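Peer 1: sequence and predicted structure are below.
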Amino acid sequence: MSAREHREVAVVTGADSGIGRATAVRLAQAGMDVGITWHTDREGAEATAEEVRAHGVRAEAAQLDLTRLPAAADTVDELCERLGRIDVLVNNAGTGTATPFLDLELEDVRRVLDVDLVGPFLCSQRAARRMIRQGGGGRIVNVTSVHEHQPRVGAAPYCAAKGGLGLLTQVMALELGEHGITVNAVAPGEIATPMTGQEDTDVRTERRPGVPLGRPGDAREIAAVIAFLASRDASYVTGASWAADGGMLRMGPQAGSHLESDAWRRP
C-alpha cells in the first residue's frame, strides 16, 4: 500500500472514559483504526475498544501510566507496532488538583506536571518521529483546558501544566510543519465526564448561568472538534488553540463584575 492507501491509525490517550472515549469512537466513525490507553480502568478501555470495533475498524488497548516517565512513552511505540503505523496522536490523558497554592505538596505538583505536560511532550516525540519516518505527515492534538488561557483557584499545577502544553503546542507546530505534521490544542470548558463527577449526565438538564450557552458540554461535542483537527479538512490549521467552552472564556470581566459573594475564593 502507498502512504495514501492505508487506513489511518490514531492513538488516543486516556480513552477509557469521557472525552477520550468519545474521541476514539468518533475517529473510528471516520474510518480510523484506534489505539486506546488507560491508566487504572482496564474495563473502561475494553468497553471503548468494543465501541470502536463496532464501526468495522481495529482497536488495540494498552496501559499508560504517565507518572512513570520516560518509560511510559514506550506505550505509544507499542500501540504503533500493534497497529502498524500512526497518523494521529491525541494527548488526552490528564489529572489535576483542588488544593490551595499554600497547601500544595511538591509530590502532587510533580505528578500533575508529569501527566499533563511532560507526558504529552514525550508521547508526541515518539509519535512525531514515527510520522516523519513513515512520510505523509500527521496530526497531533493536545487536549488542554480553558485553564490553558485563564486561571482557577485551587488548580495551580493544572493551570501551569495546561498553559505550558498550550505553548508547547505552538512550538511543535513551528518545528514539525516542515514534515507535514500539524499540531493543535483543544481547550474544553466544563464537560460532563467522570473527571468532573458528571458521568452519563444529560447536559441539557444542567443549568450553568455563568456560561453563555447555559450548560456544561458533552464529551461528544469536544470529540467533534478533535476529529475535525485530526482530519484532512484541517490540513492548513496548525499552532491554534480551539476553545470549546460554551463561551466561558468570553465571560472574564463580565463574571468578575457580577459575582455577589466570596465563594469563588475556595477550591
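Peer 2: Great, that's in hand.

Peer 1: what's the longest helix in this protein?
Peer 2: Ranked by number of residues, the top helix in the chain under DSSP state H is helix 156-176.

Peer 1: could you name the helices and strands sitting against that helix?
Peer 2: Judged by 3 or more CB pairs under 8 Å, 6 or more residues apart in numbering; DSSP states H and E, the packing partners of helix 156-176 are helix 106-113, helix 119-134, strand 138-143, strand 181-188. For the C-beta atoms, the positions are set from N, CA and C on the backbone; glycine is no exception.

Peer 1: the last one packs against which elements?
Peer 2: Using 3+ CB pairs under 8 Å, 6+ apart as the contact criterion, the secondary-structure elements in contact with strand 181-188 are helix 119-134, strand 138-143, helix 156-176, helix 219-229, strand 241-244.

Peer 1: what's the third one in contact with?
Peer 2: It refers to helix 156-176. 91, 95-97, 99, 101, 104, 108-109, 111-113, 115-117, 120-121, 124, 128, 140, 142, 144-145, 147-149, 151-152, 182-185, 187, 238-239, 241 (CB atoms under 8 Å, 6 or more residues apart in numbering).

Peer 1: could you dump the helices and strands packed on helix 156-176 into TSV with distance to residue 30 and mean pLDDT added?
Peer 2: TSV is the format used below for the helices and strands packed on helix 156-176 (distance: least, CB to CB, whole Å; pLDDT from 0 to 100):
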stretch	distance to residue 30	mean pLDDT
helix 106-113	32	98
helix 119-134	18	98
strand 138-143	12	98
strand 181-188	16	98
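
Peer 1: return the most buried member of those.
Peer 2: strand 138-143 (a mean of 27; mean count of other CB atoms under 10 Å).

Peer 1: could you list the paired strands of that one along with their orientation?
Peer 2: Here strand 138-143 is paired, per DSSP bridges, with strand 88-91 (parallel), strand 181-188 (parallel).

Peer 1: next SSE after the longest one?
Peer 2: If I follow you right, that is strand 181-188. strand 191-192 (DSSP states H and E).

Peer 1: for that following strand, what is the average pLDDT?
Peer 2: Across strand 191-192, pLDDT averages out at 88.

Peer 1: what helices or strands is that strand leaning on?
Peer 2: Counting contacts by 3+ CB pairs under 8 Å, 6+ apart, strand 191-192 packs against strand 217-218, helix 219-229.

Peer 1: if I average pLDDT within each of the ones you listed, which one is lowest?
Peer 2: Among the helices and strands packed on strand 191-192, strand 217-218 scores lowest, with a mean of 92.

Peer 1: ok, and what's touching that strand?
Peer 2: So strand 217-218 is in contact with 188-192, 203, 244-246, going by CB under 8 Å, 6+ apart.
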